[in-house]
Every structure is written in C-alpha cells, then in structure tokens.
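Enquirer: Make a model of this:
(one chain, ligands or ions: 3)
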Amino acid sequence: MWEGRMKFVIAAVCGLSLWVVSTANAGFTTINTPRPSEANFATILGDVYGGTFTPNGVNFSNAAGVTATRIDDDNDQVFDTGGSLTARAVAIYSRMPQNFGVWDGAGPGGSYNKLFDATPLPGGGASGSVTDVPVTAQLRFGRGGNTAVYSSNIADGTDTLGRDHQVVWTISGNGIKPGTMLIGWEDDDRLGTLSDFDFQDLVVEVVTGAPIPLPTAAIPGLLTLVGVAIITKVRKLRRQIA
Ligand SMILES: [Ca+2]
Ligand SMILES: [Ca+2]
Ligand SMILES: [Ca+2]
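Expert: Ligands and ions are numbered 1, 2, ... in the order given. All right, here's what the predicted structure looks like:
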C-alpha cells in the first residue's frame, strides 16, 4: 500500500513540475513593426503625450521627461485597480470594430464586460472613454469588436494558439497622473501565424487608483511551496517503508 501511495505522490510531483515549466513565459512579448501606412509606438506616444519619444530597449522617453516603462508580459495579465478606473481610446490602427472592457477577477474564465466602443477619428486619435467607473478590485483587461474577445490573462485561452494579445507600459513624468498605463492590443488571430501582432490595433490609456499588476510568477511560486510539501511527504513515506 505504501508503495502505491508513493508512486501516486511521485507522479503528482512530476506532473506539477511539467505544469510549472509549461506556464513559464519569461520576458517581453515581441511587438512587430507595423505596415508602413500605420504608426509605431514611438509615434503613438508622441501623439498622446507630446514631443518625440526615443526607444530605449522596450521603454520610451521624451525630452520633457515623460517615460513609458514596459511591464514584463509575465506580470501584465491580472491587475489590482483600487475599485474604479478611467480609460480612453487614443489610437486605432485596424479596420476592425474595436471595444475595450474588463473581465472580473483574476480568472481564468468568467465573462467580458464591455466598457466602451472605440472609433478612429478622421484627423488621428480615437474616441471612446469611461470616467471613474466601478470595477472589481482585481481584474483582467479585455478587447472585443470582431468575432474574438481577448483577455490580458493568457490562461483564459482567448487566442486560438495561446498567444499574448496585450502589451502594457506604465506612463510617468511631469503632468502624468499616478497609475497611468498605455495598453496596446493585437485584434486578430484569424490568420494564424500570419497575423501581424503589431499591438496598436487598439491603444487605450487607463488610469486606476492602484495599477498594480499581479505577477503570474506568484502562481509558480505557490506551486513550488506545494511541490516542496509533497516532496517532504515522499521522503517521510520512504523513511516509513525503509
Ligand atoms: Ca501581455
Ligand atoms: Ca495587428
Ligand atoms: Ca495594426
């Protein structure tokens, strides 16, 4: 009986290790260069905050001291909001309909709550916004409009191939409200590996009371603790058998 229980526990440890490895997604999701007729993020940041933005790795800054600091894509999937948020569409570089919203809670699963439709403006920029709307303290951001609705949390499985559809920068500097973020979305996965993933199909500025991303790395950390507990149990069983 002890041998059977030990085999089960060892199998559980192996399965857990494989699961932890498979969920690891270190680093920053690649943003592809957009087609020549569309703006890149340096241009979009200049349109929104003024000045000329210069890239520094995955970050940007302008001479006026406004800085866009990219959030690692392990850590841009679930957010603490403080219970309300303000958001406005600032750019659309896509022919698809666009809307922005939230998925309540950390997920995975649940339903998408649309906050506003976003429409491109003739002279550039976009319309569509909400101000101080109540939301759940913890949430995922979302984007809809065409057949697909995407979630910031990859574990929701809203992409047919399990790919990331959202990138985020925190924006700071003179005149910028604390808690300001710029969120870029890729709106299409219908072309499979041919989708361009330029992430500026819909760009939204969000301001929350507490824009603290919850690192998904915390979940593997928790599982490590569980794994250690299981390994301790295995050792105890081995001692009892021996
Ligand atoms: Ca992401
Ligand atoms: Ca795109
Ligand atoms: Ca685009």
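Enquirer: Give me the neighbour count for the residue of the chain found nearest ligand 3.
Expert: Residue nearest to ligand 3 within the chain: Y93 (3.9 Å; C-beta to the ion). Any C-beta I mention is one placed from the backbone N, CA and C, and that applies to glycine too. Counted with other C-beta atoms under 10 Å, residues neighbouring Y93 total 21.
Enquirer: For stretch 114-126, what is the distance to the chain centroid?
Expert: 21 Å (C-alpha atoms, centre = their mean, to the nearest Å).
Enquirer: Contact partners for the residue of the chain closest to ligand 3?
Expert: Contacts of Y93 were listed using C-beta atoms under 8 Å, 6 or more residues apart in numbering, and they are P34, E38, A39, D198, Q200, D201, V203.
Enquirer: Model confidence score at the closest residue to I154 other than its chain neighbours, please.
Expert: Excluding the flanking residues, the one nearest I154 by C-beta to C-beta, 6 or more residues apart in numbering is D164, at 5.7 Å. We have a pLDDT of 96 for D164.
Enquirer: same deal with G175?
Expert: Taking G175 on its own, its pLDDT is 89.
Enquirer: Roughly how far does it sit from ligand 2?
Expert: Counting by C-beta to the ion, to the nearest Å, the separation of G175 from ligand 2 is 30 Å.
Enquirer: and what of D188?
Expert: 6 Å.
Enquirer: mind listing what that residue touches?
Expert: S94, M96, N146, A148, S195, D196, D201.
Enquirer: what do you get if the cut-off is 6 Å, keeping everything else the same?
Expert: Contacts for D188 (C-beta atoms under 6 Å, 6 or more residues apart in numbering) come out as S195.
Enquirer: May I have the phi/psi pair for it?
Expert: When read as degrees, to the nearest 10, the backbone of D188 gives phi -140, psi 140.
Enquirer: Isn't G65 up against N174?
Expert: Yes: contact criterion C-beta atoms under 6 Å: G65 and N174 qualify, at 5.4 Å.
Enquirer: now the helices: where do they sit in the chain?
Expert: Counting by DSSP state H, one finds helices in the chain at the ranges 2-23, 41-49, 218-241.
Enquirer: what distance separates the start and the end of stretch 134-143?
Expert: In stretch 134-143, first residue to last residue: 18 Å (C-alpha to C-alpha, to the nearest Å).
Enquirer: looking at the helices of the chain, which has the lowest confidence?
Expert: helix 2-23 (a mean of 40).
Enquirer: Next, count neighbours for the nearest residue to P55 once chain neighbours are set aside.
Expert: Leaving out its chain neighbours, the residue that sits closest to P55 by C-beta to C-beta, 6+ apart is A42, at 6.0 Å. Per other C-beta under 10 Å, the neighbour tally for A42 reads 15.
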